[in-house]
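Participant: I'd like to go over a predicted model; first the sequence, then the structure.
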Amino acid sequence: MTTTTRSAAGHMTNTPDKTPHKKPDSVSDNPVSDNPVSGQSAIDQQTSEQLAAARALAEQLLTERFGMAAFREGQRQVIDSLLAGRNTVAVFPTGGGKSLCYQLPALTFPGVTLVVSPLIALMKDQCDALAARGISAARLDSSQSAGELAATMRGLRDGSIKLLYVAPERFFNERFRASISDLRISLFAIDEAHCISQWGHNFRPDYLKLANVARELKAERVLALTATATDVVMDDICQVFDIAPENAVRTPFFRANLILQSELTTPESRDQLLLSKLQSRPTGPTLVYVTLQQTAMEVADLLAKQGLPARPYHAGLDAEVRAETQRWFLSSEEAIVIATIAFGMGIDKPNIRYVYHYNPSKSVEAYAQEIGRAGRDGKDSICETLLVPDDRVVLENFTYGDTPDLAGVRRLLEIVAGQSDEFFLSLYRLSAETDIRPLVVRTLMTYLELDDWIRATSPRYETYEFQPLQTSKQILANFSGERREFVAGILATATKGRVWFSIPLPIACRRLGAERERIIKALDYLGERGWINVRVRDLVHGYRKLKPITDVGGLANNYYEQLLDREQSEVARVDQVMSMLSGQQCQAWSLSAHFGEQLDSACGRCAACQGTAPGELPAVSLRTVGRAAQAAVEELAKRHPQVLGTPRQKARFLCGMTTPSLTKAKLSRDSQFGSCGGIPFATVLAGFES
């Protein structure tokens, strides 16, 4: 890993700055630029008085704005590093206070702090919490109205908004990139930073591009945050975001107040076991994690019928229902939420007393995140898994569903190889044409970037539409001279639909002799003023070829093997968590060791230490694929050869795994779809391969 020194001269201020967030003329002090100042650290370039003043202000804000008497472990070190202008990574356990590490410095910096977060619920909760402290923060997400979005952009420009929360996908929005291109980004914070690593438990290809985004936006410093980074993942984060080892801050993972328990049971006995535990223990806020949405509904209904205050939560529920359930849980002292992994991230509820796993987590990292939501007030909390060996099959089958056929990988590479030197592709259309799930399409395109076959350029929308809220005459009355002519030209190129007008951008660019960015900025300006509503569709991603792809077959084999390796890695994660929860070694010790922390002694409180751990799990009694099911699939395959033409496609169908072509053909409605969901995918696949 290359260590680069950075400068932050001129970036400190002794009082919160509310001047407009304009980007400085000079970017030579940019800590993530391609040509950072070398041979001298940022801290050397600032006077000791400047740093002392910045630290004093941070101490003052900690008390006045956040109501805290002292920093938690690791927070001061991270904040000092950021105040000195250094790229930094913070690995704190769930509930360890990561958010303060960017929220507090944001108030001392002159520009905007951009916070990249994967969940809308997390963004909303944090914005609401900051507003309660009198701190200006906003978010941009798909749930907001055009008026809310316009108000946010005005606040960023006039300096009244200091923090902006966005999802990583937002940076593929050329409207957004254009609208923030002239803002001064003092801090670029990436939450859930482990998603950048292919060796992490939740790899998201979009995260790998955030380092380039930070450079393009000339961000002055970067902060990567995560609760679950192994040493390998930590190295990836430091390399991608150019973070020196001395600026990697990791706090102890082990929390003595979490009592880790596990108990072996059967599918038939599990409901009654959970019910008896909930009824026999003192009441307290409780999370029950399940794997499937349907399970969440069924378990919540079962508990509610027994008089317990239980509600389901999963991504398939209406957004308002999810929001209401979250509000209810936060305000209750006895609420029980039965949830998929969609619930819990960013939930600031310190007194969660119980976390039950009705189904086991899919990895040790996911387990650590989920139990980390308990007992943030420091009081004892029970984290218990109801171990059913059969659950391993469902978890493993989720993993197998992502791996495409070799033919699909080859087709994707053929499409890319046939493009011109500069090209745009719709990843969703590419997904449909290759029968590869969208996330895996992104992964393969990222592989091509990492291997220097292509380089991503700016994404764009093919279609821009607007809905007038005022007449053209009223809109144009706000302009004069060349600006009036330009806006009039844009409006004149629009094609009227029933309500919305469409702007053919290529035609508008040629007719007006203008760049796309200027037209987009003009449309957004009209939207910010409330004169029109703007919307976009048909996202395409831009790429530039770096070298021709000549051996498509060889490269397809290589990438297919990488996907198979990743598949096996994910299956191994399931084995890891099952072994840890059933084994005789202290569970707290094993969990800490996974994240590179060695405990001095066993915890003395977990199932293994108490002698109640299940030990070696019994073998799963597995069904075989029936001849009727195989015959039915073969018959379907005759009518849908493009959908069910390969052994892997047939196995996915029987195990209940959707693909783009299967969904388009509406075969998920067939009575045989998912009929072998309780059989290991490898077993079903082997049946068709033989």
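Facilitator: Right, received. Where do you want to start?
Participant: give me the most central residue, this structure.
Facilitator: residue 118 (3.3 Å; CA atoms, centre = their mean).
Participant: check the secondary structure at that one for me.
Facilitator: Assigned state for residue 118: coil (three-state reduction, DSSP: H, G, I helix; E, B strand; the rest coil).
Participant: hang on, isn't it packed against residue 166?
Facilitator: No: checked against CB atoms under 8 Å, the pair residue 118 and residue 166 is beyond contact range at 10.3 Å. The C-beta positions use only the backbone N, C-alpha and C, and glycine is treated the same way.
Participant: that older thread, from residue 374, how far out is the closest residue to the residue nearest to the centre of the chain other than its chain neighbours?
Facilitator: Beyond its immediate neighbours in the sequence, the residue positioned closest to residue 118 (CB to CB, 6 or more residues apart in numbering) is residue 192, lying 5.4 Å away. When CB to CB, to the nearest Å is the yardstick, residue 192 and residue 374 sit 19 Å from each other.
Participant: again with residue 552
Facilitator: With CB to CB as the criterion, residue 552 and residue 374 are 50 Å apart.
Participant: and residue 100, by the same measure?
Facilitator: For residue 100 relative to residue 374 (CB to CB), the value is 20 Å.
Participant: let me see the contact set for residue 654.
Facilitator: Each residue near residue 654 by CB atoms under 8 Å, 6 or more residues apart in numbering is listed here: 625, 629, 633, 672-676, 679, 684.
Participant: how close does it sit to residue 625?
Facilitator: From residue 654 across to residue 625, the span is 7 Å (CB to CB).
Participant: repeat that for residue 488.
Facilitator: Relative to residue 625, residue 488 is positioned 67 Å away (criterion: CB to CB).
Participant: ok, residue 580 next?
Facilitator: For residue 580, the distance to residue 625 (CB to CB) stands at 31 Å.
Participant: quick one, which of residue 552 and residue 374 is more surrounded?
Facilitator: Per other CB atoms under 10 Å, whichever of residue 552 and residue 374 has more neighbours is residue 374, with 30 against 17.
Participant: so who does the residue lying closest to the more buried one once chain neighbours are set aside touch?
Facilitator: Distances taken as CB to CB, 6+ apart place residue 381 nearest to residue 374, at 3.9 Å, with adjacent residues excluded. Going by CB under 8 Å, 6+ apart, residue 381 touches 257-259, 352-355, 374-375.
Participant: if we can go back for a sec, the residue nearest to residue 118 reaches residue 98, doesn't it?
Facilitator: No: no contact is recorded between residue 192 and residue 98 when judged using CB under 8 Å, the distance being 9.9 Å.
Participant: and for the two, which residues touch both?
Facilitator: Joint contacts of residue 192 and residue 98 (CB under 8 Å, 6+ apart) are residue 225.
Participant: that older thread, joint contacts of residue 654 and residue 625?
Facilitator: Shared between the contact lists of residue 654 and residue 625 (criterion: CB under 8 Å, 6+ apart) are residues 676, 679, 684.
Participant: okay, buried residues for stretch 545-554 please.
Facilitator: Buried residues in stretch 545-554, counted by 16 or more other CB atoms under 10 Å: 545, 549, 552.
Participant: that older thread, okay, residue 488 and residue 625: which has more neighbours?
Facilitator: Between residue 488 and residue 625, counting by other CB under 10 Å, residue 625 is the more crowded of the two (21 against 14).
Participant: was I right about the more buried one contacting residue 676?
Facilitator: Yes: with contact defined as CB under 8 Å, residue 625 counts as touching residue 676 (5.7 Å).
Participant: joint contacts of the two?
Facilitator: Common neighbours of residue 625 and residue 676, using CB under 8 Å, 6+ apart, are 654, 684.
Participant: please look at residue 177 and residue 140 and confirm they touch.
Facilitator: No: using CB under 8 Å, residue 177 makes no contact with residue 140, being 12.0 Å away.
Participant: can you list the domains in the chain?
Facilitator: Under automatic domain parsing, the residue ranges defining each domain of the chain are 42-250, 254-282+353-453+550-615, 460-544, 627-689.
Participant: which of these is buried the deepest?
Facilitator: Per residue and on average, the most neighbours among the domains of the chain fall to domain 42-250, with a mean of 20 (mean count of other CB atoms under 10 Å).
Participant: against which helices or strands is whichever strand or helix holds residue 409 packed?
Facilitator: Using DSSP states H and E, residue 409 falls within helix 406-417. Of the remaining helices and strands, those touching helix 406-417 by 3 or more CB pairs under 8 Å, 6 or more residues apart in numbering; DSSP states H and E are helix 427-434, helix 438-450, helix 552-582.
Participant: cutoff 6 Å now
Facilitator: For helix 406-417, the elements it packs on are helix 427-434, helix 552-582, judged by 3 or more CB pairs under 6 Å, 6 or more residues apart in numbering; DSSP states H and E.
Participant: got the angle between the shortest one and helix 438-450?
Facilitator: Orientation note: helix 427-434 sits at an angle of 100 degrees relative to helix 438-450 (axes from the mean of the first three to the mean of the last three CA atoms, to 10 degrees).
Participant: same check, this time on the longest one
Facilitator: The directions of helix 552-582 and helix 438-450 differ by 120 degrees, with the same axes, to 10 degrees as the criterion.
Participant: helix 552-582: how far from the chain's middle?
Facilitator: Going by CA atoms, centre = their mean, to the nearest Å, the spacing between the C-alpha centre of helix 552-582 and its chain's C-alpha centre is 21 Å.
Participant: residue 94 reaches residue 370, doesn't it?
Facilitator: No: the pair residue 94 and residue 370 fails to qualify as a contact (CB atoms under 6 Å) at a distance of 8.2 Å.
Participant: next up, phi/psi of residue 392, please.
Facilitator: Per-residue torsions, residue 392: phi -60, psi -40 (degrees, to the nearest 10).
Participant: what do you get for residue 188?
Facilitator: For residue 188, the backbone dihedrals (degrees, to the nearest 10) come out as phi -120, psi 100.
Participant: look at it and report its pLDDT.
Facilitator: In the predicted model, residue 188 carries a pLDDT score of 96.
Participant: in this structure it contacts residue 115, no?
Facilitator: No: the pair formed by residue 188 and residue 115 falls short of the contact definition of CB under 6 Å, at 8.5 Å.
Participant: hmm, back to that, in a markdown table: the buried residues of stretch 545-554, plus distance to residue 363 and pLDDT.
Facilitator: Compiled in a markdown table, these are given as follows (distance: CB to CB, whole Å; pLDDT from 0 to 100):
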| residue | distance to residue 363 | pLDDT |
| --- | --- | --- |
| 545 | 36 | 96 |
| 549 | 34 | 95 |
| 552 | 34 | 96 |
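Participant: closest one of those residues to residue 224?
Facilitator: Of all the buried residues of stretch 545-554, residue 224 sits closest to residue 545, with 30.4 Å by CB to CB.
Participant: so where do the strands sit in the stretch 301-450 of the chain?
Facilitator: Assignment of strands within the stretch 301-450 of the chain using DSSP state E, counting those that start in this stretch yields the ranges 310-313, 336-339, 354-357, 381-387, 422-425.
Participant: show me where pLDDT drops low in the stretch 451-600 of the chain?
Facilitator: Applying pLDDT under 70 to the stretch 451-600 of the chain picks out no residues at all.
Participant: which neighbouring elements make contact with the host helix or strand of residue 518?
Facilitator: Taking DSSP H and E as the criterion, residue 518 maps to helix 516-528. The elements that helix 516-528 packs onto, with contact taken as 3+ CB pairs under 6 Å, 6+ apart, are helix 146-158, helix 174-180, helix 505-512, strand 532-545.
Participant: columns distance to residue 438 on top of these, output as TSV?
Facilitator: As requested, those are exported to TSV (distance: least, CB to CB, whole Å):
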stretch	distance to residue 438
helix 146-158	25
helix 174-180	20
helix 505-512	24
strand 532-545	12
